[in-house]
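Peer 1: pasting the structure only:
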Ligand code: HEM
């Protein structure tokens, strides 16, 4: 069985049972305690605030993920780049009509536009600027998760701070200034709020006066959005693909289902259950607590929540919980991805963008989510593992991520 370690949280009380992790994440008697090292790029962002400040910011930011916004993002910011990137790849066909590429950078590229749009970054419009932006976001992602890095932490953080400065100068400040000018017109009554873009920088510009935030906070909140929108899904999608390929090799009858969004959703969520964005989350108790299990946690005690292990809990997911099984019966009330997106007040705000929103009464109002959309596009073009090259795990971090997944396309 996989057993992740958590060097930064080694001194903390280790919690692995699903119900205990869930109870702590939902409890008002614990505060956020993760990402202590990443303060230079992540300090005081939504994820790291608690109480009234957190509620206020979460209410503001959650408007970015309304059903209408999700539909727009999927159709306008995800599908066109996917189609563009695949048609560019088609130009590199070999004599056998096969295209070789690496899924990890390909997925990152597919998510660039959606990442820019959610955050409100303008000007990612030439190959050169797109490349700069992607590189900045990748290094910011590494710095935001520096506690898990196997590279010298001071170097990772210094790179992150430098990238943030460059990203502010090249992209964030000009985009924010444009939105501040729009916000001023909206406040003066000369522009309708509906005429402005729906993105994080616009929200921050509109709330500038009534918030307690500084300009540096604005940039850091953008880092959370950039990393959330790009790095987590770039990490998750290759796992889903690798598992699905194994499953299809063992269940060839399911090959006909790779254009079925429901089948792909199951494929994606089962993989999400097994591969979490970080080994553990951390929280700190604000008072003495006794959990339903009888475990006592003292005020100020720090707890390391191995949601990675919790998602393999055999009581919840069955004796074969550590296996990838697309026919798994899920316990009532349990999400197929388990605790992958956290739970409680900090539960991932971007989750519907990733897994989609279902509207059974009116399916035209449903969204598939980025993972289903990308998997479907890949399989529509005959994606397969490259038989001549092995996938490589990311050696720079203890996070469960691939650095490289070589693939071929047979139908581009
Ligand atoms: C596979 C994709 C993703 C995974 C696995 C993931 C996972 C998580 C987890 C575990 C948390 C909670 C951390 C904690 O409790 O300490 C979280 C929070 C958050 N995520 Fe995600 N996330 C994903 C995608 C996204 C996307 C697409 C966005 C935005 C576009 C996003 C934005 C956020 C934000 C802003 C928070 C903080 C919420 C709060 O503190 O209230 N995430 N995510």
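Peer 2: Noted; the coordinates are in hand. Remember, predicted model here, so these are calculated numbers, not experimental data.

Peer 1: Distance of the residue of the stretch 1-150 of the chain found nearest the ligand relative to residue 128?
Peer 2: Across the stretch 1-150 of the chain, no residue is closer to the ligand than residue 47, which sits at 3.9 Å (CB to the nearest ligand atom). For glycine as for every other residue, the C-beta is placed from the backbone atoms N, C-alpha and C. Per CB to CB, to the nearest Å, residue 47 is found 31 Å from residue 128.

Peer 1: which of these two has more neighbours?
Peer 2: Per other CB atoms under 10 Å, whichever of residue 47 and residue 128 has more neighbours is residue 47, with 21 against 8.

Peer 1: Up against the ligand, what does the chain have?
Peer 2: The interface of the chain toward the ligand, taken as CB under 6 Å from any ligand atom, is made up of 34, 46-47, 58, 118, 224-225, 228-229, 232-233, 236, 277, 281, 340-342, 346, 348-350, 353-354.

Peer 1: tally of neighbours for residue 105?
Peer 2: Here the number of neighbours of residue 105 (other CB under 10 Å) works out to 14.

Peer 1: Tell me the spacing between residue 134 and residue 402.
Peer 2: Separation of residue 134 from residue 402 (CB to CB) stands at 17 Å.

Peer 1: what stretches of the stretch 151-300 of the chain score poorly on pLDDT?
Peer 2: Scanning the stretch 151-300 of the chain for pLDDT under 70 picks out 211.

Peer 1: Show me where it has its strands.
Peer 2: With strands called from DSSP state E, counting those that start in this stretch, the stretch 151-300 of the chain shows them at 281-285, 289-290, 296-297.

Peer 1: Can you check which of the ones you listed gets nearest to residue 369?
Peer 2: Nearest to residue 369 among the strands of the stretch 151-300 of the chain is strand 281-285; the distance by CB to CB comes to 22.5 Å.

Peer 1: Give me the sheet partners of that closest one and which way each runs.
Peer 2: Strands flanking strand 281-285 in the sheet, each with its direction: strand 30-32 (antiparallel), strand 302-305 (antiparallel) (DSSP bridges).

Peer 1: sorry, back to before: quick check: which of the strands of the stretch 151-300 of the chain is nearest to residue 331?
Peer 2: With CB to CB, the closest approach to residue 331 among the strands of the stretch 151-300 of the chain belongs to strand 281-285: 21.7 Å.

Peer 1: Dump the strands of the stretch 151-300 of the chain to JSON lines, plus distance to residue 304 and mean neighbour count.
Peer 2: Rendered in JSON lines, the data for the strands of the stretch 151-300 of the chain read as follows (distance: least, CB to CB, whole Å; neighbours: other CB atoms under 10 Å):
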{"stretch": "strand 281-285", "distance to residue 304": "6", "mean neighbour count": "22"}
{"stretch": "strand 289-290", "distance to residue 304": "15", "mean neighbour count": "14"}
{"stretch": "strand 296-297", "distance to residue 304": "12", "mean neighbour count": "17"}
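
Peer 1: do you know which of the ones you listed lies nearest residue 13?
Peer 2: When these are ranked by proximity to residue 13, the top entry is strand 296-297, at 6.8 Å, counting by CB to CB.

Peer 1: That closest one - contacts with which helices or strands?
Peer 2: Counting contacts by 3 or more CB pairs under 8 Å, 6 or more residues apart in numbering; DSSP states H and E, the secondary-structure elements packed against strand 296-297 are strand 289-290.

Peer 1: Residues touching the strand it packs on, excluding its own?
Peer 2: Strand 289-290 has contacts (CB atoms under 8 Å, 6 or more residues apart in numbering) with 27, 29, 30, 296, 297.

Peer 1: So what are the sheet partners of it and their directions?
Peer 2: With DSSP bridges as the test, strand 289-290 is paired with strand 296-297 (antiparallel).

Peer 1: show me the contacts for the residue of the stretch 151-300 of the chain found nearest the ligand.
Peer 2: Nearest residue of the stretch 151-300 of the chain to the ligand: residue 228, at 2.8 Å (CB to the nearest ligand atom). When contacts are counted by CB under 8 Å, 6+ apart, residue 228 is found next to 348, 349, 350.

Peer 1: let's go with 6 Å and repeat that
Peer 2: Residues touching residue 228, when contacts are defined by CB atoms under 6 Å, 6 or more residues apart in numbering, comprise residue 350.

Peer 1: repeat for the one 10 residues further on
Peer 2: Going by CB under 6 Å, 6+ apart, residue 238 touches 103, 104, 402, 405.

Peer 1: that older thread, Serialize the strands of the stretch 151-300 of the chain to JSON lines and add fields for distance to residue 267.
Peer 2: What follows is these, written out as JSON lines (distance: least, CB to CB, whole Å):
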{"stretch": "strand 281-285", "distance to residue 267": "25"}
{"stretch": "strand 289-290", "distance to residue 267": "38"}
{"stretch": "strand 296-297", "distance to residue 267": "37"}
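
Peer 1: Quick one: closest of these to residue 308.
Peer 2: Distances from residue 308 to each of the strands of the stretch 151-300 of the chain were compared by CB to CB, and the smallest falls on strand 281-285, at 9.7 Å.

Peer 1: now that closest one, how far from the centre of its chain.
Peer 2: Strand 281-285 sits 20 Å away from the centroid of its parent chain (CA atoms, centre = their mean, to the nearest Å).

Peer 1: again with stretch 117-137
Peer 2: Stretch 117-137 has its C-alpha centroid displaced from the chain centroid by 18 Å (CA atoms, centre = their mean).

Peer 1: and that stretch, average pLDDT?
Peer 2: For stretch 117-137, the per-residue pLDDT values average out at 94.

Peer 1: what's next to that stretch, contact-wise?
Peer 2: Applying CB under 6 Å, 6+ apart, the contact partners of stretch 117-137 are 77, 112, 116, 163, 167, 171, 175, 199-202, 222, 225-226, 229-230.

Peer 1: remind me, longest helix of the protein?
Peer 2: The longest helix of the chain (DSSP state H) is helix 215-250.

Peer 1: Now do the buried residues in that one.
Peer 2: By neighbour count on 16 or more other CB atoms under 10 Å, the buried set for helix 215-250 is 217-244, 247-248.
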